[in-house]
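**Q** whatever this is, show me its structure:
(chains A, B, C, D, E and F)
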6 protein chains.
Amino acid sequence: MRPSQRHPDALRPIRFTRQFTCHAEGSVLIEFGNTRVLCTASVEPRVPPFLKGKGQGWITAEYGMLPRATGERMPREAARGKQGGRTLEIQRLIGRALRAAVNLNALGERSITLDCDVLQADGGTRTAAITGAWVALRDAINSLMTNGDLKTDPIIAQIAAVSVGIYQGVPVLDLDYAEDSNAETDMNLVMDDAGRFIEVQGTAEGHPFTRAELDALLELGAAGIRSLHTAQRAALETV
Amino acid sequence: MRPSQRHPDALRPIRFTRQFTCHAEGSVLIEFGNTRVLCTASVEPRVPPFLKGKGQGWITAEYGMLPRATGERMPREAARGKQGGRTLEIQRLIGRALRAAVNLNALGERSITLDCDVLQADGGTRTAAITGAWVALRDAINSLMTNGDLKTDPIIAQIAAVSVGIYQGVPVLDLDYAEDSNAETDMNLVMDDAGRFIEVQGTAEGHPFTRAELDALLELGAAGIRSLHTAQRAALETV
Amino acid sequence: MRPSQRHPDALRPIRFTRQFTCHAEGSVLIEFGNTRVLCTASVEPRVPPFLKGKGQGWITAEYGMLPRATGERMPREAARGKQGGRTLEIQRLIGRALRAAVNLNALGERSITLDCDVLQADGGTRTAAITGAWVALRDAINSLMTNGDLKTDPIIAQIAAVSVGIYQGVPVLDLDYAEDSNAETDMNLVMDDAGRFIEVQGTAEGHPFTRAELDALLELGAAGIRSLHTAQRAALETV
Amino acid sequence: MRPSQRHPDALRPIRFTRQFTCHAEGSVLIEFGNTRVLCTASVEPRVPPFLKGKGQGWITAEYGMLPRATGERMPREAARGKQGGRTLEIQRLIGRALRAAVNLNALGERSITLDCDVLQADGGTRTAAITGAWVALRDAINSLMTNGDLKTDPIIAQIAAVSVGIYQGVPVLDLDYAEDSNAETDMNLVMDDAGRFIEVQGTAEGHPFTRAELDALLELGAAGIRSLHTAQRAALETV
Amino acid sequence: MRPSQRHPDALRPIRFTRQFTCHAEGSVLIEFGNTRVLCTASVEPRVPPFLKGKGQGWITAEYGMLPRATGERMPREAARGKQGGRTLEIQRLIGRALRAAVNLNALGERSITLDCDVLQADGGTRTAAITGAWVALRDAINSLMTNGDLKTDPIIAQIAAVSVGIYQGVPVLDLDYAEDSNAETDMNLVMDDAGRFIEVQGTAEGHPFTRAELDALLELGAAGIRSLHTAQRAALETV
Amino acid sequence: MRPSQRHPDALRPIRFTRQFTCHAEGSVLIEFGNTRVLCTASVEPRVPPFLKGKGQGWITAEYGMLPRATGERMPREAARGKQGGRTLEIQRLIGRALRAAVNLNALGERSITLDCDVLQADGGTRTAAITGAWVALRDAINSLMTNGDLKTDPIIAQIAAVSVGIYQGVPVLDLDYAEDSNAETDMNLVMDDAGRFIEVQGTAEGHPFTRAELDALLELGAAGIRSLHTAQRAALETV
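**A** Numbers count the residues shown, from 1 in each chain, chains lettered A, B, ... in the order given. Sure, this is the predicted structure:
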């Protein structure tokens, strides 16, 4: 039995709160159970230097955790004077994942920054961030289209992410912190709505995993992501 | 008439949401209208090096803004590699203000860090932070007393803060961003529940202010802070 | 009795040495008793990026202490790799105060940087810095007018600053280090020559202060600043 | 046809030069074709603070590229003042991979740092680094056993890594730079000598990949890693 | 003819002002013409970690320039967040030179830091710094001996420094800025009172120099340093 | 007898390996005995801001040591977040030395960066770096001339460097680490092929040195550098 009492293939309750804050073009509070991440999409009319004059846009992401998002207070990265390796790794992942959702040529010479800030952490913050950021991005691009700034929709895929892992020998979906910190294997999957992979990142924590275990995890994750895609669409239908 | 349509002596709607997040010993979302600051109080069983072995505790504060808390996205301080002067100035102010609320000898050899993170900004973030942080501190200390970690209450004062300013020649209370960015004079007051001053910080933005204007601002602020003290106590009475 | 043996309303001996160094357009060694601050005003023919092309000038300030300006040696900020919060807070204050002295439109597209470096510290370094920097600024602008670079005088106010505080229950003027480190309340005032306030920054160190105490401090400070204004004018009359 | 003229399942020529430098306990120059990485293993008789007194050891890794290891000169990270996100991500991967090779309890309270410095880059530097670092680690631990510092061998697995990807629709093994920069999908695999996975990191560069493509890449990589394990053992048999 | 109108072998007017500031154990304002450097010697009862428990002392130096010590304002190193290469090079030189003056074993487990801060620059700041720092060090050690903290004098040599260079083909002593910035060769010499060398640092600026030129510069510098030694002793005789 | 068993005037075996890596315009592995430094020369079609539009080129250098180039592992400068004083001092020296070899006007508006990375250290890394960097520079400029990018050769001098020192009272040439760390005096010489000096940097480590000792060291170094010049030319004659 999982510490969370969930069935191995059960997601935690998923909740999207759109327009969570008022300034950003897209602003979504995503909850995977007790994990809560505020994802904002900010549109800016410029691109980084390496893209200047190429007629295409850019999507990037930044990730942070509030110091007391976790059980013990973590030092504030701004005060320490640098972002840690884990932070950089996660924000690079979020950026790559969301760029796979967009035709950058169709976006025009503008940037969208996805800021994913963890208000409360209970495992799976990076997968919640990607799943929420896609909805924030969708909202931001809808506002550009409504304003007439964009004529054609640059979004080419619906993206969501989930974690899977092996806990006490059993493949389980969407690990919370208690499960994740004791998992033997941990894998994050990012997939599109055609069931294809954007990212597969599996790490043996306790012991190496076999091909059969890998296959089981991939199946479990694919099913979980289908549910997340459905939840994203439902969230976007509400006003 | 103020842009906010408020009477000169009217606060914005004030709202406290306690237990906003689950890990911190105190966690309060404070709202001054559209300004929303998450204030967490984290208790740790150690003190900074300069206090080691002196038998007393420590209260400190850190302040941050999410990049898109504002109308235009601001660069993330963790990514820039340092906290700006404004951030440091504000967190020093919050720390001094809250230390005035506590008998550090009665706190014992432990630290409480007040993290004040602005989720949405509309003027007055530092005064909202102080007002909310005091409630988070009260909750954290209550939990220490409930656990038996503290026998006597180290809190010696109730602290709140508000901004006042001169807008188009009229002294007004609790300025929002539209008012603050056009004010001729801007003042932040921190006071205790005996009506005494902890901090007075007045700055001539547009033109120098006279003693009569200063007096008017002090009166206006003192009345506003009395209302905030009442609101803090009401928030603490709910479960 | 004050440790300095002064009457409560007595300033320390004030001394201005103009042209203390030879390169800067304005260079003033200001002494408030044993506190000695070198204030230089450097004119540069450019403005910060946010002001480019707006036809106006800029005044800014930087503050530093030599490592052994104090009783115990302090680590050098350049070696530590960053300016501390206290330094940033003080230099922001000096900059705001001096900007209140100048019509930036009349200054033209040039910057004046006021570097205030403490050679010897004995309390009140920030107020000495502001008082000395105004004289350095006056000298620098005089040189621009003499050279014909400026036709009309952009200086619109004479600015000085002083500290006041409550020491053993008595309001006292211009605290030295021995007094300041034991004061119950500490306040810095910046005022113009019309008796109006530019900045009021009061902090309860030992215990909160009442409105009556605040009023007494404001009176004491205003009188002190009138003397400083007289001393500034006298210093400028010498060649 | 691949730019490198290789068959899809062909590795580049692999070469290990042990004792490439004289000071380190293990020092291996690994070559995957034109990619050359110097991997040193340094033994130190201490562990990081979080492991003090726990009776176990630690394995960590650092990664760097010489500025002109690449076709165009890259800025030196030491001069820029920080390691980039890519560097941190790679060195975290190398560290995790090598920790999977060692029973940290059997290592005793000592650290081994694996420095992987790229002298010349032509794609696949992180997989070459892991493959070479394992040999350097083996040499360093052999020297501890020879000296009598270790009685039992703490190495529990043989680890190697390779990249696979889809180039012009064809799954290919061990991509060089020309192939990697045009691949549609890029995957790095780290496996042990029992054919189990330590890490799977797949990224869709050009377009998302299907489950069938993923399966093909996993097969290709597993075969490549078997060859690398053989090459590692052969290298260790020479004196 | 030199721009300074001096004879090739003439020093600038040299002036030492002891007790220039009041807190430091040694505090000397040294002037080489218009070059003015404040040298303080700070005694602290501890040594750096690498010397702990070895029963010996340490001498170190730090160097800085006030931003407007020069003709054009230089950015403040504390604000830029790091000391430049020139600064580090100079303070390493000063530290080495002064350590040559002291028997560190006889100093006991204490450190003396020599802070050399340039108030006004006109060439030769590093040689002025060394020459002044030796007097500050002498004063600091005298105070330790007067207090009974030291029984025997740890100073083993009298140290001074001067620059020499080739200006328009002629070897000249103690170059000011106008000379130094046009010199073909620039050399700094540090010597003891027995006429021996502590440091020789010669750099061809305009064109390489011959052995004959080097010999001429060494002679010129040795004579200049003899004069500086005399001036140091004279300064120490005054009260 | 020297620890290295060499005669006082004997260099260590000197070896140049050109084209050591494949991307750089010049790439030389220089060996002075066990000291091995990789020197690459990178040509870039731009100059630093202070030279823009002046029609001349620039030569600069950077220096680094791999963490385990030394007997004990040194912290990686990129991870520490800054280059140390020793590193900056050395790379400034290398840059000055190589600029003396080139007519910057004849180079045109391009930069050449000499990266000198120590793979293995055994004393004399800076002199090996200069000696090797000159060969890398020669190769890079030859390639510019071969390509027709340069019509006339901008190289105006052949540059090499060596260390000399006094070991147990005897002047010795080209000190290895065992000798260098026990030398009483340490001097680095950079000279051109006309026997003139580019840099002379002598430091008394153990005790001050006399003029006679200095003369002996200069003779010894000049002879050593003549041999290095011959070795450089021989290396360039091979294909």
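**Q** so which residue is dead centre in chain A?
**A** residue A:130 (1.2 Å; CA atoms, centre = their mean).
**Q** element containing that one?
**A** Per DSSP states H and E, residue A:130 falls inside helix A:125-146.
**Q** quick one on the thing from earlier: is it true that the residue nearest to the centre of chain A touches residue A:158?
**A** No - Residue A:130 is beyond contact range of residue A:158, at 11.5 Å (criterion: CB atoms under 8 Å). Placement of C-beta: from N, CA and C, glycine included.
**Q** do whichever helix or strand residue A:97 is part of and chain D meet?
**A** Using DSSP H and E, residue A:97 sits in helix A:85-99. Yes - judged by CB under 8 Å from any CB of the partner chain, helix A:85-99 and chain D are in contact via A:85, A:86, A:88, A:89, A:91, A:92, A:96.
**Q** ramachandran coordinates for whichever residue of chain A sits closest to chain C?
**A** Residue of chain A nearest chain C, by CB to the nearest CB: residue A:81 (7.5 Å). In terms of degrees, to the nearest 10, the main-chain angles of residue A:81 are phi 90, psi 0.
**Q** residue A:8 too?
**A** phi -50, psi -30.
**Q** quick one: it and residue A:164 touch, right?
**A** No - with contact taken as CB under 8 Å, residue A:8 and residue A:164 are classed as non-touching, separated by 9.5 Å.
**Q** got any residues that touch both of those two?
**A** Common neighbours of residue A:8 and residue A:164, using CB atoms under 8 Å, 6 or more residues apart in numbering or on different chains, are A:171, A:172, A:173, A:220.
**Q** what's near enough to touch the residue of chain A closest to chain C?
**A** By CB under 8 Å, 6+ apart, the contact list for residue A:81 reads B:81, B:82, C:82.
**Q** how much space between the last one and residue A:8?
**A** Between residue C:82 and residue A:8 the computed distance is 50 Å (CB to CB, to the nearest Å).
**Q** more crowded one of these two?
**A** residue C:82 (18 against 14; other CB atoms under 10 Å in any protein chain shown).
**Q** any idea how far the closest residue to the more buried one other than its chain neighbours is from residue B:76?
**A** Of all residues not flanking residue C:82 in the chain, residue E:81 sits nearest, at 5.8 Å (CB to CB, 6 or more residues apart in numbering or on different chains). Using CB to CB, one obtains 18 Å as the distance from residue E:81 to residue B:76.
**Q** next: residue A:221.
**A** According to CB to CB, residue A:221 and residue B:76 sit 30 Å apart.
**Q** neighbour-wise, which of those two wins?
**A** Between residue A:221 and residue B:76, counted using other CB under 10 Å, residue A:221 has the larger neighbour count: 28 against 22.
**Q** ok, the more buried one - contacts?
**A** With contact taken as CB under 8 Å, 6+ apart, residue A:221 is in contact with A:162, A:163, A:164, A:173, A:187, A:189, A:191.
**Q** quick check: buried residues in stretch A:229-239?
**A** By 16 or more other CB atoms under 10 Å in any protein chain shown, the buried positions in stretch A:229-239 come out as A:229, A:231, A:232, A:235, A:236.
**Q** actually, stretch A:210-224.
**A** Buried, per 16+ other CB under 10 Å, within stretch A:210-224: A:213, A:214, A:216, A:217, A:218, A:220, A:221, A:222, A:224.
**Q** for the record, mean pLDDT for it?
**A** When pLDDT is averaged along stretch A:210-224, the result is 97.
**Q** dump it to PDB, restricted to CA.
**A** What follows is stretch A:210-224, C-alpha atoms only, in PDB (Å, rounded to 0.1, in the frame of the first residue of the first chain):
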ATOM      1  CA  THR A 210      15.300  -3.600 -15.800                       C
ATOM      2  CA  ARG A 211      13.800  -3.100 -19.200                       C
ATOM      3  CA  ALA A 212      10.600  -4.800 -18.000                       C
ATOM      4  CA  GLU A 213      10.300  -2.200 -15.100                       C
ATOM      5  CA  LEU A 214      11.000   0.600 -17.600                       C
ATOM      6  CA  ASP A 215       8.200  -0.700 -19.800                       C
ATOM      7  CA  ALA A 216       5.800  -0.800 -16.900                       C
ATOM      8  CA  LEU A 217       6.600   2.700 -15.900                       C
ATOM      9  CA  LEU A 218       6.200   4.000 -19.400                       C
ATOM     10  CA  GLU A 219       2.700   2.500 -19.600                       C
ATOM     11  CA  LEU A 220       1.700   3.800 -16.300                       C
ATOM     12  CA  GLY A 221       2.900   7.300 -17.100                       C
ATOM     13  CA  ALA A 222       1.200   7.400 -20.500                       C
ATOM     14  CA  ALA A 223      -2.100   6.600 -18.900                       C
ATOM     15  CA  GLY A 224      -1.600   9.300 -16.200                       C
END
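**Q** tell me if I'm right that residue A:173 and residue A:4 touch.
**A** No - judged on CB under 8 Å, residue A:173 makes no contact with residue A:4 at a distance of 10.5 Å.
**Q** the two - which one has more neighbours?
**A** Remark: of residue A:173 and residue A:4, residue A:173 carries more neighbours, 23 against 20, as counted by other CB under 10 Å.
**Q** average pLDDT across the one helix or strand residue A:61 maps to?
**A** Secondary structure from DSSP H and E places residue A:61 in strand A:58-65. The average pLDDT within strand A:58-65 is 98.
**Q** residues touching that strand, excluding its own?
**A** A:47-48, A:51, A:74, A:77, A:83, A:87, A:90-91, A:94-95, A:98-99, A:101-102, A:104, A:107, A:110-118, A:121, A:125-126, A:129, A:133, A:137, B:66-67, B:76, B:78-79.
**Q** again, only using 7 Å
**A** Here strand A:58-65 makes contact (CB atoms under 7 Å, 6 or more residues apart in numbering or on different chains) with A:47-48, A:51, A:74, A:77, A:87, A:90-91, A:94-95, A:98-99, A:102, A:104, A:111-118, A:121, A:129, A:133, B:67, B:76, B:78-79.
**Q** return the closest of the contacts of residue A:221 with respect to chain E.
**A** Nearest member of these to chain E, counting by CB to the nearest CB, is residue A:163, at 38.2 Å.
**Q** from residue D:147, how far out is that closest one?
**A** Distance, residue A:163 to residue D:147, by CB to CB: 43 Å.
**Q** okay, those two: which has more neighbours?
**A** Per other CB under 10 Å, whichever of residue A:163 and residue D:147 has more neighbours is residue A:163, with 27 against 10.
**Q** on the strand side of things, show who that one bridges to.
**A** When bridges are called by DSSP bridges, residue A:163 pairs up with residue A:188.
**Q** any idea how far the longest helix along chain A is from the chain center?
**A** For chain A, the longest helix by residue count, based on DSSP state H, is helix A:211-237. Put simply, helix A:211-237 sits 13 Å off its chain's centre (CA atoms, centre = their mean, to the nearest Å).
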